[in-house]
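1. with the input below, show me the fold.
(4 chains)
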Amino acid sequence: MKIGVFICHCGENIGRTVDCPRVAKACEWLPGVDVSLDYKYMCSDPGQNMIKDEIRKRKLDAIVVGSCSPHMHEKTFRKAAVDAGINPFLVEIANLREHCSWVHDDIDSSTDKAIDLVRMAVEKVKRNVPLTTIEVPVTKRTLVIGGGIAGIQAALDVANAGYEVVLVEKEPSIGGHMSQLSETFPTLDCSQCILTPRMVEVYQHPRIKLMTYSEVEKVEGFIGNFTVTIRKKARHIDEDKCTGCGLCITKCPTKKKAFNSFEEDLAYRPAVYVPFPQAVPNIPVIDETICMYYKNGKCGMCVKVCGREAIDFHQQDKIVTEEIGAIIVATGYKLYKIDKKPDDSPIKGYGEYGYGKYKDVVDGLQFERIASASGPTSGEFKRPSDGKEPKKVVFIQCVGSRDESKGFSYCSKICCMYTAKHAMLYKHKVHDGEAYVFYMDIRSGGKMYDEFVRRAIEEDGVKYIRGRVSRIYEKDGKYIVRGEDTIAGMPVEIDADMVVLATAMIAQQDASELAQTIGIPYDKYGFYNEAHPKLRPIESTTGGVFLAGACQSPKDIPESVAMASAAAAKALVLFGSDKLEREPVVAYVNESLCAGCFYCKKVCPYGAVEVKEVKDRNGVVYKEVAYVNTGLCQGCGTCTATCPSKSVELAGFNNEEIFAQIAAL
Amino acid sequence: MKEQNWEPKIIAFVCNWCTYTGADLAGTSRLKYPTNVKLIRVMCSGGIDPVFILKAFERGADGILVSGCHPNDCHYNAGNFHARRRWTFFHELLDYLGIDKNRLQFSWVSASEGKKFVDVVSKVVNDVKAMGPFKGYEELNNEFMTEFPDVSGVDESMILKEKEGEAV
Amino acid sequence: MKLGYFPGCSQTGTAKEYDISLRKVVEKLGASFDEIKDWTCCGATSAHVTNHLLANSLAMRNIMLAEQQGLDDLVAPCAACYNRLVLSQYETITHPEIKKEVEEVLETKLQKEIKVMNLIELFQKIGTEKITANRQVELKNMKVACYYGCLLVRPADITKFDDAEQPTSMENLVALTGAKPVDWNYKVECCGAAHTLARRDIVLDLSKKILDDAKEHGANVMVVACPMCHANLDMRQRAMKREYPDHKDFPVLYLTELLGLALGMNEKELGINLHTVEFNYKELPSEKAAV
Amino acid sequence: MEELRKHAKELLENKTVAAILGYVEVDPKRTRPAVITKPEDASKLVFNEYCLNNLAVYLTKARIKNIAKQNGAVMKLGIVAKPCDIHSVIALIQESQLKREDIHIIGMNCHGVVKDFGMEFSGETLASKCVPCESHKPLYHDIVLGEEKQTPSVSDEVLAKIQAIEKMTYEERFEYFKNEFDKCIKCYACRAACPLCYCQRCITDKTIPRWIESSPHSRGNFSWNVVRAFHLSGRCIGCGECERACPMDIPLSLLNRKMAETAKEAYAYVSGRSLETPTLVGSYDVKDSDELFM
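-> Residues are numbered from 1 along each chain as shown, chains lettered A, B, ... in the order given. Below you'll find the predicted structure:
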């Protein structure tokens, strides 16, 4: 076996702490190595061409590239090897950057380590077996989880490209948090006007199967071949019969029993309700917890007034399974409720701001509802406690964000912009009102963003005070906001009528459960992990699952929409070919050695191990052995470690390859 | 090998999805840790077999780390659960046979825990350095060399061991 | 029920009446104090500002004495002592190297983890039902502003017995006596503490704000659980009248004195006559007449 | 003994079983395993304190299986089994080597066997495996024969020895086991005697790559014994045949018993006791303890 070793300097990322020429020279005499070169940028075109030339010139059988992590350029070098005529699985990567040069600073010892890593890779490649990628059929249907603006955009893009989409939304209507907003920065478009047409487009799209008030329960299978189980919660209203006339809502006797979560607990809703007037689908839902029928079996007012007999109290949850090829997760975010937290929770909450104690201390979404024309105060600024028009409003930035000790350490990115918008909306409607904003740093990095904030300050006279607020307390109807003006260098006290807190954007409550259901990684805050922070921000590490919107990290509407279209594009790339090439890393059984104990079958998480009967010449079954269905096997290798006699091995990581790596140390 | 500047040789069997990526993150964040550790990548911590550990000790490893995804985070959703039960037995057996607990350590490191990977690795290196060379297996190996000087080459002929500049 | 008792310097000095009322109330509720023999100063602010080891050793010495006396818990009525004891104990438990240093200084091994309790935790342990059972007088004319000060509730994740920003535990105890606790804003605001000697003007300004806020919210008496707060809020009212001529007297009681009144003792027994601002329950305007 | 012979005769006569695995007498203090196919040979069967062998080991061997295959159909096989042997049969069924319906279990009440042939049965000569034994009556059986007698209660030396070893320091323990394993001559009698070692080709015979060195030098012996003990952890039912078969008297039960204790402590699992509970190997519980992991 003739092996080529190619050491990359990666500019000076590797070259600085690993003496690449010495590594190349040291590997020259390794048994089996025919050529060993180093070059400044192995992954660049000249670098790859050099590899190809060496392979062709010296008729190499396998190559080892000492460069960055295989997660970065394994595919690149495998493609180069294929162009030069070598099987892609006779290429091994020695991770000299992330695992060596970047993490050590003593040149001698890190060069020695680099030599060891390359020698391990050389010994492994000697035992690599040429493999061909497995072809797997692709179900050309997409599942979009979450019906906010990101989910809507992704669903429309995929559907318009001609493929079927299943859009699953937990709430009774799609629209997500954007539908709660009054107007959006930086253009002050009314959010309903730009969102509702999109929602209707989704509802009427022939290729989008909209499943609202439903949740994903189970996801099985793998890229291109997912089987998704969805629970369609019972609305107690027959969707086909109901025309959305709303008579039942007006006639329902339970008025003040439950808050409308869409109105952020500023308004009540009856037992049968539609979250907001422009809801899509415009079909109400009956809330069993407060509906009189479920309490004492009487009532039934809605049944009487409903001309279409659409009410069905005994409707049960429906379980639907869908065959899916690509999954786009767009489950969005939640605002951080900053009142008292349970003792064991790491987050402390902000008791000193009186949120939850004083009615007029509200968070961003509540202010949006107050400012929104379809909100509880139909657009007029009335404070929740006594409905008076607030003459002095204080906005506080970074409540919970950028706060390691009491909240979350990250910046929630959009609060600077929506707070400027809030202040501007307030000044437009209450001309003689005063708006103060306590801030640390204004982060307005988008297109026309900073001009927007400047406009709020210069034209609308919003007073920005750089400093933190220490305490808020109520004094004869006024809210004393005590803070500090770090520029003037003195404490500040404002007697405000209303206070708006720009609280942190956090992951949804059940984000980690959904991640475990789908099988995608998530970080310590519950945001989903992208495959690579810079180069693969849309894909999750799990094949076939793409991320869109704030579920991946806090972001504003333009970014969410862009990310949604990108996720849609990724799904369409997947559907580009009928067959999907899959890594041939699957298990294979040596049937003559298998003793048929089937421990492998017990540990296989994908049920990829089947019982195969072995017949003798005259057809009598004399033995049962394990058989691996390469379509289902995902190559985890748990079976190989459980098999006592090592009769099952994993292609790409078989016993010899691992033994060689250990022995090469 | 002289006692003072003796550098332990540590092998880490790591799973591809979590700990290997966590180590990459430690790289991209330029966190520093000792050079003693060399990683062997497998697809899942469920695929790491105790015979790997024995062979690593035989090949002169002074300490071994086995690391995978946190429970419930496994890319193949059950690999690390099987591993956890397997290692409880194997670790108990090695301990019973007189191999110090800290020679073979286990950890869960996720893809976003670059810092934790560095802490775990440094802890293993320091623990092993405190324990000194792995006398038990060294005696076995030396005995092996002296008893059958001529045979030594035959059995391991597949892998030539002369390493450039390795002080024996 | 026998409880360890660490009086601290103020109980035998400026806050004499706090000690008298505390012992009487506890005795009335059927519990008894076992004062630690040969207790010393807890170190207060002066220690932990100058030397960390000194601060920890002083505090831990008292806890060591309690351990040697076979006690399980230790009551420190003064908020500053309570704070020092709890913090030192927390540090020695969570940091082995500090524990080693302190044990060297004290030349003993610290095994038992004594439960250090402040005044409110004390009554919670004795059992609030005992208070209602033994109540003889319903103090319905009293509108009480409960003042926690700073050290009682902070640092929150170590003291842990109530919310650091919106505490309510003292209100619950006060409500048992029939008095009506008032919701006001300066519960946990600083009274000026140690500035009372060097910068008296600050104390006068801050304490006045506290008293005025209580008055504004309809309170006719303030209750505290810390000798330092009492000194600044009660004793400084004479200087306050010189500084702010329109300031009217506003009575400040210890929580134990309020409970004592409810348990049927009179002002003299409880040492209320030692206060700068006199207080007599009968002279309080009856509920109806109050503005 | 008589009902055993009568029952065996009936089974063979009316062809319910193809053959019966049982014990026949060599001399009053020694028996040997035997395969009885003809009804008249049934009279040779015996059962006493000298039936040491675990006959379950033969059930997985091809020659015995062929006897059961007559004219295309798979007939039943009878086996005279002590309760511990039955645990082996159960373990084999759980590992899909046998089917319950193919085995006719003649369960014998057992009050313990001797350490070795030729010894007078008493407390001191009781086999070490019988000391901690708590299943004197067969759990799974088609028929139960033999009268119940009291097992002499004796102190559990094996457990005491294990506890003594656990108190040693690491070096002492390593030294102790190294010397014990040095005696190994790699005859693999322990593997042959064990009913659960039914692999077609054992891992130690795998040459490419050679995970376990096959030559009997100290390193090869150490890794062989570690892997053998590990492969049986959570599976071994403690029949003690491996230790009895070892020509060099290596105390293998110290390893097997230790791993059985670990299985009991960590997962409350005793192997071969019930067909319903899933085998310990190959199953997991989300709530397993994590304290081994950083």
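2. regarding the residue in the stretch 251-400 of chain A that chain B sits nearest to, what is its secondary structure?
-> Proximity of the stretch 251-400 of chain A to chain B (C-beta to the nearest C-beta) peaks at residue A:327, 14.9 Å away. The C-beta positions use only the backbone N, C-alpha and C, and glycine is treated the same way. The local conformation at residue A:327, judged by DSSP: H, G, I helix; E, B strand; the rest coil, is strand.
3. so it is in contact with residue A:519, correct?
-> No: using C-beta atoms under 8 Å, residue A:327 is not in contact with residue A:519; the gap is 10.1 Å.
4. list the residues that contact both of those two?
-> Here residue A:327 and residue A:519 share the contacting residues A:219, A:545, scored by C-beta atoms under 8 Å, 6 or more residues apart in numbering or on different chains.
5. what does chain A have sitting close to chain D?
-> Residues of chain A found near chain D (C-beta under 8 Å from any C-beta of the partner chain) are A:592-599, A:602-603, A:620, A:624, A:642, A:644-647, A:655-656, A:659-660, A:663.
6. filter the residues you listed to the buried ones?
-> The neighbour-count criterion (16 or more other C-beta atoms under 10 Å in any protein chain shown) marks A:593-599, A:602-603, A:624, A:642, A:644-647, A:655-656, A:659-660, A:663 among those as buried.
7. who's more crowded, residue A:327 and residue A:519?
-> Using other C-beta atoms under 10 Å in any protein chain shown as the criterion, residue A:327 and residue A:519 rank with residue A:327 on top: 25 against 20.
8. which residues does the more buried one contact?
-> A:142, A:143, A:145, A:219, A:226, A:228, A:518, A:544, A:545, A:546.
9. any idea how far it is from residue A:533?
-> 21 Å (C-beta to C-beta, to the nearest Å).
10. please apply the same query to residue D:190.
-> Between residue D:190 and residue A:533 the distance is 54 Å, computed by C-beta to C-beta.
11. next: residue A:614.
-> 50 Å.
12. what of residue A:478?
-> 47 Å.
13. between these two, who's got more neighbours?
-> The neighbour count for residue A:478 versus residue A:533, taken as other C-beta under 10 Å, is higher for residue A:478 (14 against 11).
14. which SS state does the residue lying closest to that one once chain neighbours are set aside fall under?
-> Once flanking residues are discounted, residue A:478 sits nearest to residue A:495: 4.1 Å by C-beta to C-beta, 6 or more residues apart in numbering or on different chains. At residue A:495 the chain is in strand, as set by three-state DSSP.
15. again with residue A:158
-> helix.
16. do residue A:474 as well
-> The local conformation at residue A:474, judged by three-state DSSP, is strand.
17. just grab the bridge partners of it for me.
-> residue A:479 (DSSP bridges).
18. what number of residues lie near it?
-> 19.
19. against residue D:31, how distant is it?
-> For residue A:474 relative to residue D:31 (C-beta to C-beta), the value is 95 Å.
20. what's the answer for residue A:630, then?
-> 51 Å.
21. which of those two has more neighbours?
-> Using other C-beta under 10 Å, the more surrounded residue of residue A:630 and residue D:31 is residue D:31, with 23 against 15.
22. stretch A:577-595: end-to-end distance?
-> 40 Å (C-alpha to C-alpha, to the nearest Å).
23. buried residues of it, list them for me.
-> A:580, A:582-591, A:593-595.
24. is chain B within reach of that stretch?
-> Yes: using C-beta under 8 Å from any C-beta, we find that stretch A:577-595 touches chain B at residue A:585.
25. what's the local residue count around residue A:490?
-> Using other C-beta under 10 Å, residue A:490 has 9 neighbouring residues.
26. err, residue A:416, not the other one
-> 26.
27. can you pull the phi/psi pair for the residue nearest to the spatial centre of chain B?
-> Residue closest to the average C-alpha location in chain B (C-alpha atoms, centre = their mean): residue B:64, at 2.3 Å. Phi and psi for residue B:64, reported as degrees, to the nearest 10, are phi -130, psi 140.
28. just confirm residue A:402 is within a helix.
-> No: under three-state DSSP, residue A:402 falls outside any helix and is assigned coil.
29. okay, now the residue nearest to residue C:125 when sequence neighbours are not counted: neighbour count?
-> Among residues not flanking residue C:125 along the chain, residue C:117 sits closest, at 6.4 Å (C-beta to C-beta, 6+ apart). For residue C:117, the count of nearby residues is 23 (other C-beta under 10 Å).
30. how about the strands in chain C?
-> Ranges of strands in chain C, per DSSP state E, are C:2-5, C:32-35, C:73-75, C:115-117, C:143-147, C:180-181, C:221-224, C:252-254.
31. try chain D
-> Under DSSP E, chain D gives strands at D:17-27, D:30-36, D:45-46, D:69-70, D:73-74, D:76-81, D:103-108, D:143-145.
32. tell me where the model's unsure across the chain.
-> Unless you meant another one, I'm taking chain A. A:339-348 (pLDDT under 70).
33. try again with chain C
-> Across chain C, the ranges flagged by pLDDT under 70 are C:287-291.
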